[in-house]
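**Q** Let me see the structure of the following:
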Amino acid sequence: MDTRKIIGALRKEAFKELERLSNFIGSVGDPEQVGIEELRIRLKPVFERYGVKYAFLFSLRARAGVDRDYDIAVSASLRSALELGGLIVDIAVTLDVTEDLVEVVHLGSAGASILYSVINDGVVIYGNEDEAMNYLWRRYLEFLAINEYVNHPERRIAPNRANTTDRGLNKLMTNQDTKPLDNED
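**A** You can find the predicted model right below:
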């Protein structure tokens, strides 16, 4: 028998076994794990206190329902990194976990890979689901459009010929530290 066929068959069998094991763990559950609905209920007052408009649970906990960490992406008009830190602490206290198990990503400053990850496996845990997904897609498309505009070949070849839109965009990009972390519509 061909070695490649043997390796391929072993891989298939291993992945089937991993899937069975994952389904078993999911069916048994972990008493320490907090489900999506419970997260929504517990975190609602925290999100309201911080003016969060939308919150998404993402990463492995959103996909499989089981994980050690809580990865949460938020859309909010947070005024400082201290306020973001306070949000993290309050989430950790509410979920009865240590702060190192809570990661909060601010969607207003998130990169394309994080936005894409939240789009792919995120679950809305606060805010109107349709509005939240529209906001998320809009942020992702805006991010891609700005990068395409900034990295356009004509702007790299002739930077001295930048028009007023280019200058405005450059000013916007260099003065981001004076603005709130997110501009809500």
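
**Q** Could you give the number of residues near residue 94?
**A** Residues lying near residue 94 (other Cβ atoms under 10 Å) number 16. Every residue, glycine included, has its C-beta placed from N, CA and C.

**Q** three-state assignment of the residue lying closest to residue 72 once chain neighbours are set aside?
**A** Among residues not flanking residue 72 along the chain, residue 104 sits closest, at 5.2 Å (Cβ to Cβ, 6 or more residues apart in numbering). With DSSP: H, G, I helix; E, B strand; the rest coil as the basis, residue 104 sits in strand.

**Q** show me the contacts for residue 104.
**A** 72-74, 84, 87-88, 91 (Cβ atoms under 8 Å, 6 or more residues apart in numbering).

**Q** Would you state the helices of this protein in chain order?
**A** For the chain, the helices defined by DSSP state H cover 3-28, 36-49, 60-64, 81-95, 112-121, 129-150, 153-157, 164-174.

**Q** where are the low-confidence patches of the protein?
**A** 1, 21-33, 60-67, 146-185 (pLDDT under 70).

**Q** try 80 this time
**A** Applying pLDDT under 80 to the chain flags residues 1, 15, 18-34, 59-68, 143-185.
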